[in-house]
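Asks: return atomic coordinates for the entry below.
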Amino acid sequence: MRKKRSSTSILIISGVLVVLVCGAILADWALKKRESGREAHTPYERALIDELLIKGCLFDLGIAWDEVHIEERSVVVRTPGEFTEVEIVEAFSRLGAQAKVTIRDANRVELIFDGHPWELIFEKPREKLVRIAIIVDDLGLDMNVAKQFSAIDADVTFSILPGQPHSKRIARYLHAQGREILLHLPMEGNGKDPGAGAIMAGMNRAEVEAVMASNFKNVPHVVGVNNHMGSVITADEVFMGIIYHDLAKRGLFFIDSLTTNRSICSEVAFRMKLPFNARDVFLDNEQEPAYIRAQLKKLVSIARNYRDAIGICHPYPATLEVLAEELPRLRKEGVSVERVSSFVNR
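Replies: Sure thing, here's the model as predicted:
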């Protein structure tokens, strides 16, 4: 059974019809006013009449008035539609001898009313900005790998594990390269050893704060934190409150890697007013170029729908290969790769 239209839908449709009818009436009024003789009108009134006539002809092409932008005698039409010369000439034929219409090219038309030219330009609507952030996790073990990822021609963000052989050296190197750095904070998770500098469920507040302080000394120049593992800790409101309190004192933000669907990181961050965001896609759970490309495409698709999206990857050879090839190409397609700090809700 077909659903009845709501009263809101009826009101919207009625409103649109009113606008369309009013547009047609105003265009006809302008044409009659112009035909009645221009000598009776001031220059401002004549320009206004011409403007209404142009909008009326564009209306015949199915172009809404909010797609028409007029500045002095230049008319810019931003519409996804494409029109042939025949369609344009036919739409403006209602003016008769009142105006001379000249098609300059596929996107530009010149109209002349009594020696006064108007330029009409058809443009495609500006595409909305598509932004992605990519975090490279698990740095700290290999200096050469860090340098290779740093050479990627895109503004990716780097997350460094504490207590690793090259953690501090890599942080200093990336900072000198102008790269954005996060602390990749190890946390207790699914039973695997999270490594040095981990927050464990048996710790008290003082122990958590001491571990955090040591980690920040080992990984300098950080602007934020994301979790390494952590399915136990990120689901614990008390622990996340302690961690967020420490981050707030340091002026840092938190990115939830979302290693569990039981994470309460977002709720606690909102309550504590801590700058926050969360991962959308893991790019390289499988270390195959085809898989990574597909995940990167998924990340961009999310960004196109929601304006931005955050991906997390790891320092694998296949990941390096794909990012080095795909990120410059995506930039040419209008996808902006930006630092994750620009994605947090402050």
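
Asks: so where is the chain shaky, pLDDT-wise?
Replies: Across the chain, the stretches falling below the confidence threshold (pLDDT under 70) are 1-41, 80, 106, 125-128.

Asks: domain assignment for it?
Replies: Residue ranges for the domains of the chain, per automatic domain parsing: 10-123, 130-343.

Asks: ranges for the helices of the stretch 101-250 of the chain?
Replies: Along the stretch 101-250 of the chain, the segments classed as helices by DSSP state H, counting those that start in this stretch run 143-150, 167-176, 205-218, 237-250.

Asks: what does the shortest one contact?
Replies: With contacts defined as CB atoms under 8 Å, 6 or more residues apart in numbering, helix 143-150 is touched by 136, 139, 156, 158, 166, 169-170, 173-174, 177, 179, 315, 320, 323. In this view, the C-beta of every residue, glycine as well, is placed from N, C-alpha and C.

Asks: now render those residues as TSV, adding neighbour count and distance to Val86.
Replies: Listed next are these as TSV, based on neighbours: other CB atoms under 10 Å; distance: CB to CB, whole Å:
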residue	neighbour count	distance to Val86
Val136	30	55
Leu139	27	61
Val156	23	50
Phe158	26	57
His166	18	68
Arg169	13	68
Ile170	25	64
Tyr173	16	63
Leu174	22	59
Gln177	12	57
Arg179	19	55
Pro315	19	58
Leu320	19	53
Leu323	25	48
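
Asks: quick one: the strands in the stretch 1-150 of the chain?
Replies: Assigned by DSSP state E, counting those that start in this stretch, the strands in the stretch 1-150 of the chain fall at 68-71, 74-78, 100-105, 108-113, 116-123, 130-139.

Asks: check contacts around Ala99.
Replies: Contact criterion CB under 8 Å, 6+ apart gives Asp50, Leu53, Phe92, Leu111, Ile112, Phe113 as the residues in contact with Ala99.

Asks: residues near Arg293, how many?
Replies: Here the count is done by other CB atoms under 10 Å, and Arg293 has 16 residues near it.

Asks: and Leu258, by the same measure?
Replies: Each residue near Leu258 was counted by other CB under 10 Å, and the total is 21.

Asks: distance-wise, check the closest residue to it other than its chain neighbours relative to Val136.
Replies: Nearest in space to Leu258, with sequence neighbours left out and distances taken as CB to CB, 6 or more residues apart in numbering, is Arg279 at 4.9 Å. According to CB to CB, to the nearest Å, Arg279 stands 13 Å off from Val136.

Asks: can you check Tyr291 too?
Replies: For Tyr291, the distance to Val136 (CB to CB) stands at 17 Å.

Asks: also Glu325?
Replies: 16 Å.

Asks: so which of the helices of the stretch 101-250 of the chain is nearest Tyr44?
Replies: Tyr44 lies closest to helix 237-250 among those, at 57.8 Å (CB to CB).

Asks: if you count contacts, what does the helix or strand just after the closest one end up packed against?
Replies: Using DSSP states H and E, the helix or strand that follows helix 237-250 in sequence is strand 253-256. Applying 3 or more CB pairs under 8 Å, 6 or more residues apart in numbering; DSSP states H and E, we find strand 253-256 packed against strand 224-229, helix 237-250, helix 265-272, strand 276-278.

Asks: looking at those, which one is packed in the most?
Replies: Scoring those by mean neighbour count under mean count of other CB atoms under 10 Å gives strand 224-229 as the most buried, with a mean of 25.

Asks: pull the distance from it to the chain's centre.
Replies: The offset between the C-alpha centroid of strand 224-229 and the centroid of the whole chain comes to 23 Å, using CA atoms, centre = their mean, to the nearest Å.

Asks: what does it contact?
Replies: Strand 224-229 has contacts (CB under 8 Å, 6+ apart) with 135, 137-138, 159, 161, 182-190, 192, 194-195, 233-234, 243, 247, 252-257, 259, 275, 279, 312, 340-341, 344.

Asks: next, the angle from it to helix 265-272.
Replies: With axes from the mean of the first three to the mean of the last three CA atoms, to 10 degrees as the basis, strand 224-229 and helix 265-272 are set at 150 degrees to each other.

Asks: CA atoms of strand 224-229 as PDB?
Replies: The C-alpha coordinates for strand 224-229 follow below in PDB (Å, rounded to 0.1, in the frame of the first residue of the first chain):
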ATOM      1  CA  GLY A 224      48.000  13.900  20.000                       C
ATOM      2  CA  VAL A 225      47.600  10.200  20.900                       C
ATOM      3  CA  ASN A 226      45.900   7.200  19.400                       C
ATOM      4  CA  ASN A 227      45.700   3.700  21.000                       C
ATOM      5  CA  HIS A 228      47.800   0.600  20.200                       C
ATOM      6  CA  MET A 229      45.600  -2.400  20.800                       C
END
